[in-house]
Structure formats: structure tokens, C-alpha cells
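Asks: Please work out how this folds:
(2 chains)
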There are 2 protein chains.
Amino acid sequence: MLSELLLTDIARLSAQSKLPLHRQLYEALRRAILDGKLSAGDRLPSSRELTQDLNLSRNTVVAALSQLGVEGYLVSRVGSGTYVNDSVPKSAPCRHPPHAIQTAKLSRRGQSLATTFCADKLEVQPFTPGIADFSVFPVALWQRLQNKHWRMTYPDMLDYSYSGGYAPLRRAVADYLRVFRSVTLEVDQVIITSGTHQSLELCAQLLADHGDTVWLEDPAYWGAVKAFMATGLNLHPVAVDQQGIAPRIEDEATPPRLIYLTPSHQYPMGAAMSLARRHQILSIARKHKAWILEDDYDSEFRFSGPPISSLAGLDADERVLYMGSFSKVLYPGLKLAYLVVPKGLVASFKQAHYDLNRPGQMPLQAALAEFIEMGHFASALRRTRQSYAERRHCLLEALKPCLGAQAYISGAEQGLHLCLRLPAAVDDKALADRISQQGLTVRPLSAYCLKRKDAKGLVIGYGYAPLAEIERCGPLLARAVTDSLTRT
Amino acid sequence: MLSELLLTDIARLSAQSKLPLHRQLYEALRRAILDGKLSAGDRLPSSRELTQDLNLSRNTVVAALSQLGVEGYLVSRVGSGTYVNDSVPKSAPCRHPPHAIQTAKLSRRGQSLATTFCADKLEVQPFTPGIADFSVFPVALWQRLQNKHWRMTYPDMLDYSYSGGYAPLRRAVADYLRVFRSVTLEVDQVIITSGTHQSLELCAQLLADHGDTVWLEDPAYWGAVKAFMATGLNLHPVAVDQQGIAPRIEDEATPPRLIYLTPSHQYPMGAAMSLARRHQILSIARKHKAWILEDDYDSEFRFSGPPISSLAGLDADERVLYMGSFSKVLYPGLKLAYLVVPKGLVASFKQAHYDLNRPGQMPLQAALAEFIEMGHFASALRRTRQSYAERRHCLLEALKPCLGAQAYISGAEQGLHLCLRLPAAVDDKALADRISQQGLTVRPLSAYCLKRKDAKGLVIGYGYAPLAEIERCGPLLARAVTDSLTRT
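Replies: Sure, this is the predicted structure:
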């Protein structure tokens, strides 16, 4: 069955190209995995069996398999065989769950959580195919630090942490935020969480009741929408413009209990919030005794334009809760993030966080603290920033041919994605679908909108995409956009 | 200031005992930390300064400091000095947050979450003083496995995991549950979470709406109470007896959407649910189309009596969601647990888990998978079980003098705590307070009750308590109970 599939694919490949045989087999197997014909955890026939079935030399088979192993598609397990790796590389089609989602059994809340604003349709991915690239991250150094802290581990480091996280890590975060984000804070106000979603949920659980209103930017970060749906809040979208969120008098008829913002790089459109708007939103928050949740998700990567200081730094009133994470400079699976809360909330947040989330991973926190203190974070940041700047430049160059009166770029000054804005008449969902048929993953801007119908465009991630692939695929993307504009 | 405090304490200690000087300084510093006079993150004077201020020899000071370092009270940081460690050892008084909790600023939900059923009053801790003991856990081996998997790490292992967790780990969990817990399941049904609290919250979010009713055992696990409060459920307590949860006809007037149970070792009273009750509860669930959440939190540690099979193993109707964690055999801060969901829920649970919780930590999951596959989990379990059996035996022996018609033990067949049941007339909260004045931590049974007033007793944790301390403190505990019974 598998052999037949592979033989067909190899025949097709050898007709198309002059790839060496082992490379053809590699491609055929890789495609079978990405298309879901081989699933995570499936056992492969042995190299001996493949040699026979495919009538290839043993060396050819072994070369293909070992390349797939190195790239993480396959994993060998001693005495047991070779398996498709659990976590197969990203590619649009294979991210959908293997089974159709049955919602009939879920609660109404569960149904909305399972079917709207879902990551597999909205999270920004590298637009080019291939394995997500965290190659800039110093794995060997990171391993050395973890080792060191495991050697030094004493029993309490293995227990839950009830103090808001490992103190040296909280100190390092506070130092970083004071210097780079102009946040005025004491170490005690920093709470280490396992991610921004956890930070958001904690804020919603402690500061809002079921049915309370949260103002969100429209379009909005899908993950925040989801966290607020999970905590039963009433979502009130407020449209953003070039200066960020733009509340009107009518909006205040639905007064907020929480205001969720991405002020330094609006997600996903990319506006930096103007100072006037910052003061306006602080004054609205004061008036309605609302809390502002500032999600500073990618401020580490500022490429052009003046640095944007944080809203928390302007807050004289203890109304801003500030959050960020280490997932972009280190790696997403690290699951360490931070939440800075006003002094009056410190004790209740620490206790509820301890009770509800049982935070742990202290040896990992200790390694991260040292990583920051010893300057490795700063150098990793320099390296990643440089590497992402190249990718960004390459993408911007590639997109130039499709830009003009109808199409323009927003939000490229910062972060790991940019937004290609298109006229309101364009069906951006259909365009994104057409582009996905070329194997590229971009997101339609309209899919992030809660209420407004006028925001159209493509959200394009480049941060983790290999430079060579951006060079190859960028022009394909530009051509698809041009075609679509010509047709409209 | 610190010097004066230390000198006073050293003077007191030398009057009381014949401890060597370095040991007196060690005790004085340790007490200052445990009493919160020195807080996590505080910088200590240098050994040179302490030598001068306290008029002790440098060797004395260094000996005391290094002992505190080894025990994890202090941590040295190169070029920066010596600090009170972030995570100071457990002791009842120091677990309270440093600031009083200000609830005025919180939402109503936040106020209940911050003030009721709090971990610092309810989580079962080793009843004896000292550092929690995870000494049985093979740290060196664990570090070796982590290293191995970090060396093998490829980019996707650093990303979020959208497949419900690392496949070999899910396979290992499925194999374990099939053999040891008689759960019938396919690997696909296993979802790796970051803890039972996350498993519970995910179930409540997806299977129940705000205001829906959850049946809980009375008394109940505080963490589950908290998770259901956070997700807006209506708590309906159902009293337990010697056969576990005992629903009456009246209870069905408030039909459940969820039923949360600890069938193999009721938390905290310890009953094992009888087969008749298991069938009764499955039939109630079927009748009301309710889901059963089975929390099998400590079934690894069965010391006497027949093994209790799981409720999930009896479920012919796909109504049971089964959960457990690795925190008791490995260590709590690991933050890896599992949730087994019926087949029809797999896709929606995986997707919502990915969207809401962004699971990661794949290298850690890979190390754990190998730890289990290579038999290390089984040997760790054998070793810990043996070690805990000794502690349990020692505590049971120590408690014998206070047992009789009025006081008896329940729930000692399994787990890492037992319940010392007392007459309904006893004020168990006052008794626990008196016992805490001797430096021992026990929990009043009545504090776990939601509605009933008749359950009195002490919940006593022994799993992580050092054997020598149990020998020393067990008799103190028995005496306090006897005194209290005599007085009542």
C-alpha cells in the first residue's frame, strides 16, 4: 500500500526532475507525511523491507530515511523500528486534526471554543513551506545551562512555586522591562506564567465576572478572543485605525471592565498606538474603573521607526497589567511568560495563580534567569533580530511588484509578521485559499475581524521562514496578489 | 538589624542547648528565613561582614552558610553575593503571601477565587517540618535523559504541540493505563496536559456552560472546587460515606452536567468507591447525559486492600473522562499530566487544548516517554512506594496511642495522606491551629466540606516527610489529639 504510493510518487518525480534516487524517495516519503497519508506515530517498514518493495539499493533507502530523521520527520526507537515523528513539520493541510470535530456533545461554550477563532486557521505561521526555523537559538548553550541548574537542584526546586516564579528570573525580567520598555516596577510585581494565554485567563478570572464587557481591538488577536470567550466575557470590538484602537462616544455606552490592547504593534494590522490615543484610553479606563491588559507580544523586534514605549510606563493610576513572553526570542515550547500586575493586586494574583495553575518548572526558570543575567538573552536577541531583519527585507523586496495604490504594507516596522492591505472589494479568504494551493500559508485579514467588514488583506509571517524559501516563494506570493487585483 | 536579630537568637540557642556555634548560626538564619524575617530574594551580608558583625570566626560563618546553601535556603550568585533562595522550604507560616490580600479591586469571581478553598490552607503538606523530600527521585538519570533528548532536538520539538502531546509519551501512558488501571483506550484518546487543574478546566470549559451544575463529593478536593468556580459552574455537593459518593433521590432534583469524583481514594477522606456505587453513578450519568470526571490522583500508591480498578474501565457509554498526573511518582514541578477522553471528544479537546493552552515542553515529554519505556518509571514507583510505605507505617504506629472509639483512621490504604477521623463535637480547626503551634502542619477535615457539618478530623500528609522527622513528630501529634479528646 505504502510501497505503491511511494513508487507512484517516485515515478512522477523522476519524470519531472533529475533528482537523485535517494532524494526522490525522500520527497515521496516527506510528501506522504505532510499530506497525512502517514500519520504521527505510524511505524515504517524496515529499510530492508523498503529496499525489497521499492527495488532500490539499501544505500538509497538508508540515505533517504536518515535525512528524514535528521529533519525530524522520522524517529528511530531502539529495538522497535522507525516511526513518523509525533510532531511532523508544519504545513497547512496537516495541522487540521485527524478527525472531524464533533460538536454535538459539547456545551455551548465548548462549541464556540472548538469552532470559532481557531489557531489552525489564524495563528501566523511562516508563509513558506518547511520546518519552522529556530536555528538561531543557541541549543547547546541552553542545554549547558539547564544541566548546570539540574546539577544544583535541591528538593524545593522540584515542587510547585508559590512565590510568583523563581526570584532571580523575576528580577531579570524587571531589569529588562525597566530598561527596554520603560515600565516602572518592583520585582515583586512580576509573576512568571506558562504563557500569555495563561496570563490573560488569570486576569479575566480575577478582574472580571461572567458577562462583564471586555473591549478588544477589531481586528483582534484570536488567542485573546478565545481566552475571553472561555472566561465568559462579553466581547465589545472597537475598530482600530492607523493610530491604534479608536474608541468613539458610542463605544462608551458599553462601558468596559477590561480593555485588551496590543499597543506597540497592533495584532494583526501592525499600527503603533499614538501618544494621544494612549492618553485617551488611560482616561477611559480611569473613568470606567476598567483594567487595561497590555499585550506586548513582539516589541523585542523593532526594525524601523522610533521605539514605542509601553502603556504601562505611562500609567499613573495602577490600571495597566502588562504581559510578554520568551517564546519569540527563545522558542514557543518553552512555555515561560511574564505578567506585571499593579502593587495592590500582587498578593491576590500570586495566590490565585498558585491555586489555579500550580506553577512549576523551577530548574527551567533558573536556567532562563542565568541565560538573561549572563547576557545570552541580549545576544540571542541581537542575532535573531538581525536574522529576522534579513528575512523581512527579503520579503518586502519580493512583494514590491504587487504594491501600489491598491495594495500596501502595514505593520512591517516590528514583529515577525506584516500585513498586506488590500481593497475592501477583494475576497481575501478566497485569495488566501488560492495561495495555499501553491503550498504557501497566509491568513486573510478579515478572519481576525469581530464586527467590521472593511479590513481586507493578507497576514504574512516571515520570522521563522528560511531565507532561501522566502527568496523562492516571495515572488509567487506577489504574483498571486497581482493576479487577484487584476481580476477584481 | 539582621545582626542583632541573629545575635539574640544565637544567645537564646546557646542558653538552651549545647549546639556548636556554626550550628547555632545555621539555626538562627534558618529561622529568620522560615519566619519571613529574611524573604526570598533578599541579599545576605557577605561572610566577611557577618564575621565582623557577629564576632564569630570566618570558618563558623562559612560552615553555616554553606550548610544552608546545600539545603537550598541560600543561593550564591557569582560576583553578586548570597541570596535567600526564591523557593524557601515549606513551613506553614511562610507559605502565606507576604502582603495581605486586597480583594476590593477584584471581581466577585476574583474575590471567591482569592479567598475560598485556598491551597495555603488546604493542600496536604508533609506534616513534619523541613524540606519536602523528593530524595527518592533519580535526579541524575532524569538529567541524563533530558540531555539526550535535548541533543536530539530538532526545530519542531521547540514549537507548540498540536497533536495532544508527544506521541511516544501518549503511547506509554496508554500502555500503563491499560495494564494497571484497566482502562480500555486507544493512544489517540490520551492528551498530555500541564496538570490536573488544566485537565479539569478544559473539561469544564468544553463540556459545561456557565451556571451548569457539577456534582462534587462532600468533602471535596479544593483544587477541583476552585477550577469549577473559575469556570462558573454551580457546585452541588453530595455527601460521601464509606463507599464513596452517596447520591440520594433529592440530589437528582439538581441534575448534573458534570460529576467530579475521586473513586479509588476519596479526597480527603480516603474511601474506595464500591462497585455498587460505581454502577449507580454510571447509571445516573447516563440518565442525565452527564459526564463523569474521574480524578485518579494517587492510585500508584496502593499499600493494602485489593487493587481498585478505574471507573473509566467500567464505562460502556463513553461518559467518563479519566485524569492522572506524574507529579507524585516524579515531582510536582514537572507539570505533566494526562487526560483520557472518549473517542467522540478527541478532536475537539485536542483543538481547544492547543488553542487555549498552547501546550509545549516537547523535549521534557520525550525524556519522560523514555523514562517510562525503559522501565525507570516502574522502578521509581517501586522505590517511592517502598519508601512511602515505611513512612506510612511509622506514622500509623505513632498515632496508635490516640486511636479508639472516638478517633479512627480512614483512607490509609492508598496515597500519601491519611485521615484521622474525630467526633463531630471536636473543633478540628482549633485543634489543627494548636498543632501548628508545635510547628506541625495538618489540615482540619471540616475545611474541605462544602455543605455538611458532621465530618471532623485531621488530614495528615506523610509522603514527602523525612522518616526521622515522622518518628520525632508523630508522637507529638498523637499527644495533641489525645489532649483534645480528653478536653472535649
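Asks: CA atoms for contacts and neighbours, from now on please.
Replies: Will do.
Asks: From the opening residue of stretch A:422-442 to its closing one, how far?
Replies: Using C-alpha to C-alpha, to the nearest Å, the end-to-end distance of stretch A:422-442 comes to 14 Å.
Asks: quick one: pLDDT of A:P97?
Replies: Per-residue confidence (pLDDT) for A:P97: 47.
Asks: Let's see whichever helix in chain A runs longest as CSV, backbone CA atoms only.
Replies: In chain A, taking DSSP state H as the definition, the longest helix is helix A:376-399. The C-alpha trace of helix A:376-399 is given here as CSV (Å, rounded to 0.1, in the frame of the first residue of the first chain):
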residue,chain,number,x,y,z
HIS,A,376,22.9,35.5,26.4
PHE,A,377,19.4,36.8,26.0
ALA,A,378,20.7,40.1,24.7
SER,A,379,23.0,38.3,22.3
ALA,A,380,20.2,35.9,21.2
LEU,A,381,18.0,38.9,20.7
ARG,A,382,20.7,40.6,18.6
ARG,A,383,21.2,37.5,16.5
THR,A,384,17.5,36.8,16.0
ARG,A,385,16.8,40.4,15.3
GLN,A,386,19.5,40.5,12.6
SER,A,387,18.3,37.3,11.1
TYR,A,388,14.6,38.3,11.1
ALA,A,389,15.6,41.7,9.6
GLU,A,390,17.1,39.9,6.6
ARG,A,391,14.0,37.8,6.1
ARG,A,392,11.8,40.9,6.5
HIS,A,393,13.9,42.8,3.9
CYS,A,394,13.8,39.8,1.5
LEU,A,395,10.0,39.5,1.8
LEU,A,396,9.5,43.3,1.4
GLU,A,397,11.6,43.3,-1.8
ALA,A,398,9.7,40.3,-3.1
LEU,A,399,6.4,42.0,-2.5
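Asks: after it, next one along is what?
Replies: Using DSSP states H and E, the next helix or strand after helix A:376-399 towards the C-terminus is strand A:408-410.
Asks: Partner strands of the helix or strand just after that following strand, with direction?
Replies: Per DSSP H and E, the first helix or strand lying C-terminal to strand A:408-410 is strand A:417-422. In the sheet, strand A:417-422 lines up against strand A:408-410 (antiparallel), strand A:456-461 (antiparallel) (DSSP bridges).
Asks: Show me which positions of stretch A:236-244 end up buried.
Replies: Within stretch A:236-244, the residues scored as buried using 16 or more other C-alpha atoms under 10 Å in any protein chain shown are A:H236, A:P237, A:V238, A:A239, A:V240, A:D241, A:Q243, A:G244.
Asks: brain fart, stretch A:464-483
Replies: Buried residues in stretch A:464-483 (16+ other C-alpha under 10 Å): A:464-467, A:470-471, A:473-482.
Asks: And the helices in the stretch 151-300 of chain A?
Replies: A:167-181, A:196-207, A:222-230, A:275-287 (DSSP state H, counting those that start in this stretch).
Asks: Chain B: which of the buried residues of stretch A:464-483 is nearest?
Replies: A:Y464 (10.2 Å; C-alpha to the nearest C-alpha).
Asks: Which of the helices or strands spans the closest one?
Replies: A:Y464 belongs to no helix or strand, assigned by DSSP H and E.
Asks: so what's A:L345 closest to, chain neighbours aside?
Replies: Closest residue in space to A:L345, ignoring its immediate chain neighbours: B:Q102 at 6.9 Å, by C-alpha to C-alpha, 6 or more residues apart in numbering or on different chains.
Asks: What residue spans form the domains of chain A?
Replies: Each domain of chain A is listed here as a residue range: A:2-84, A:125-135+A:384-487, A:140-376, per automatic domain parsing.
Asks: As CSV, those domains with mean pLDDT would be great.
Replies: CSV is the format used below for these (pLDDT from 0 to 100):
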stretch, mean pLDDT
domain A:2-84, 79
domain A:125-135+A:384-487, 92
domain A:140-376, 93
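Asks: just so I know, which of these lies nearest B:A455?
Replies: Closest to B:A455 of the domains of chain A, according to C-alpha to C-alpha: domain A:140-376, at 23.8 Å.
Asks: now that closest one: how far from the chain's centre is it?
Replies: 15 Å (C-alpha atoms, centre = their mean, to the nearest Å).
Asks: start to end distance for it?
Replies: 12 Å.
Asks: Could I get the full set of strands for the stretch 201-350 of chain A?
Replies: A:213-218, A:234-241, A:244-245, A:258-261, A:291-295, A:320-325, A:337-340 (DSSP state E, counting those that start in this stretch).
Asks: partners of the first one in the sheet?
Replies: For strand A:213-218, the paired strands and their directions (DSSP bridges) read strand A:234-241 (parallel), strand A:258-261 (parallel).
Asks: Kindly reformat these as a markdown table containing distance to A:L50.
Replies: Formatted as a markdown table, those follow (distance: least, C-alpha to C-alpha, whole Å):
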| stretch | distance to A:L50 |
| --- | --- |
| strand A:234-241 | 55 |
| strand A:258-261 | 54 |
